[in-house]
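[1] I would like to see how this sequence folds:
(3 chains)
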Amino acid sequence: MSQPQKAFEQLYEAYGPQHWWPGDSAFEIIIGAVLTQNTSWKNVERAIENLRASDALSVTAIDELSTEELSELIRPAGYFRLKAKRLKNLVTFLVEECESSVDRMFQSSLDDLRERLLLINGIGPETADSILLYAGHFLTFVVDAYTARLVKRHGWIDFEAGYYEIKSLFEDQLESDVQLFNEFHALIVRVGKEHCRKTPICEACPLESLLPEGGLMRLEV
DNA sequence: GACCAGGCACATC
DNA sequence: GATGTGCATGGT
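    Down below sits the predicted model:
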């Protein structure tokens, strides 16, 4: 069995299902994917609650808000001027290319939609994959900072590896199952928060038995 | 008060 | 192509 598959089974055994992505609609998940860029989820929740309270969790509602109004609502999520522009860019894409419909957007193929999302200013690889996997239920693995730390520190991949090499490591070695990809990324974030921050805490980590001989590799991640 | 959080774009070399 | 920097709030 591959290391990633073993890791998944141990994490799932330890933590159980994570019920990701939190959110009441695909659009809310999409908004959250942008708001959580380099930001704790707790702050994102406050921003989303502001949007909900203003009845602004829809394509048309955000389209009709000014960037300044939007930025005030999402202020708790940090980088609020920047993220207001990014949300506007995304909503403009939905309006102009998807008939203002999230369902219509997800009627594209995975590869085609991924490319088009990456053309939007403010949507990078992780945000695109989060949208595709968690809102669109496409088979694509999400790589975040915790994922990179995990695979590099455990010696599963070279320290110089980039986003796509890490993504392929998982996609090539796991069963092709959207629900597996969904749970695995969420479980990596869970174990990352508890054990794999900038300074690792390997004691009592569910993945302790998968550590390389002699412990972790170097920590420059 | 420093450090960190479920990134990304852009400038500069 | 690689490396550095700005973006900002809220918790520890």
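
[2] use CA for all of it now, contacts and neighbours both
    Will do.

[3] close to DNA strand C: what parts of chain A are there?
    Contact residues, chain A versus DNA strand C (Cα under 7 Å from any atom of the strand): A:38-40, A:42-43, A:75-83.

[4] list buried residues within the residues you listed.
    The neighbour-count test (16 or more other Cα atoms under 10 Å) marks A:43, A:75-78, A:80, A:83 as buried among the residues of chain A next to DNA strand C.

[5] just the residues of chain A next to DNA strand C: which are in strands?
    Assigned to strands by DSSP state E, none of the residues of chain A next to DNA strand C qualify.

[6] near DNA strand B, list only the ones from these.
    A:38-40.

[7] need those in TSV (columns: distance to A:Val95 and pLDDT).
    Converted to TSV, those look like this (distance: Cα to Cα, whole Å; pLDDT from 0 to 100):
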residue	distance to A:Val95	pLDDT
A:Asn38	27	98
A:Thr39	27	98
A:Ser40	29	97
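
[8] grab the nearest non-local neighbour of A:Leu150.
    In this structure, A:Leu150 finds its nearest non-sequential neighbour in A:Cys196, 7.0 Å apart by Cα to Cα, 6 or more residues apart in numbering.

[9] I meant to write A:Lys152 there.
    Leaving aside its chain neighbours, A:Lys152 sits nearest to A:Phe159 (5.5 Å; criterion: Cα to Cα, 6+ apart).

[10] and that neighbour, how many neighbours?
    If you count neighbours by other Cα atoms under 10 Å, A:Phe159 ends up with 17.

[11] out of the helices and strands in chain A, which is least certain?
    Of the helices and strands making up chain A, the lowest-confidence element is helix A:145-153, at a mean of 95, by mean pLDDT, DSSP states H and E.

[12] do it and DNA strand B meet?
    Yes - residues of helix A:145-153 are located near DNA strand B by Cα under 7 Å from any atom of the strand, namely A:145-146.

[13] list the buried residues of the following helix or strand past that helix.
    The first helix or strand that comes after helix A:145-153 along the chain, using DSSP states H and E, is helix A:163-173. For helix A:163-173, burial by neighbour count (16+ other Cα under 10 Å) applies to A:166-167, A:170-171.
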